[in-house]
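1. Sequence plus predicted model, see below.
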Amino acid sequence: MLHRLHRVHDIPGDPQKIWEFFSKPTNLNEITPPHLKFRILGEPGPMYQGQLIEYRVSPVPGVWHRWLTEIRQVQEGRYFVDEQRFGPYRFWYHEHHFEPITGGLRMTDTVTYEVGFGPLGEIAHALWIRRTLAGIFDYRTQVIAKYFPA
């Protein structure tokens, strides 16, 4: 079953600097909760369409997942899309849209995902995964506010 997470962040500041921050893959380390032990493998450099980025993440202590995403689309300053190629989800498609607002940018995150594993995956989603993803994006909201204060 497909699920969707949708978040909107109004980010104050220079739109170019905001875009530069979010289009630099290594900044994912900065905006992901430390307890997930999220790490990008290698130095991916500036974002570009077709780029493959490999991560390791530990959602549960002692359990590591390899995660490979591809940057499927990029329009400088407007949006980018990453899609899982290999990882913990059966399907993961994450859209990041940026639109100018007075004094900054509005960033809209839409994640469409499928857990997999049939009914067991749906039970895990209801009991843990949905809440965990929401917590990750709540954390990002807090960190973004520190990087881009009003």
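-> Yep, that arrived.

2. Quickly note the distance from the most far-flung residue of the chain relative to its centre to residue 24.
-> Here the chain reaches farthest from its C-alpha mean at residue 119, the gap being 25.4 Å by Cα atoms, centre = their mean. Distance, residue 119 to residue 24, by Cβ to Cβ, to the nearest Å: 39 Å. C-beta coordinates here come from the backbone N, C-alpha and C atoms, glycine included.

3. Could you do residue 47 as well?
-> 7 Å.

4. re earlier: next secondary structure element downstream of the strand or helix carrying the residue farthest from the centre of the chain?
-> Secondary structure from DSSP states H and E places residue 119 in helix 118-124. Using DSSP H and E, the helix or strand that follows helix 118-124 towards the C-terminus is helix 130-147.

5. which other helices and strands contact that following helix?
-> Using 3 or more Cβ pairs under 8 Å, 6 or more residues apart in numbering; DSSP states H and E as the contact test, the elements touching helix 130-147 are strand 2-12, helix 28-31, strand 104-114.

6. How about residues contacting the shortest one?
-> What it means is helix 28-31. Residues outside helix 28-31 that contact it (Cβ atoms under 8 Å, 6 or more residues apart in numbering): 38, 39, 40, 55, 139, 140, 143, 144, 147.

7. got it, and stretch 143-150?
-> 9, 11, 12, 13, 18, 21, 30, 31, 104.
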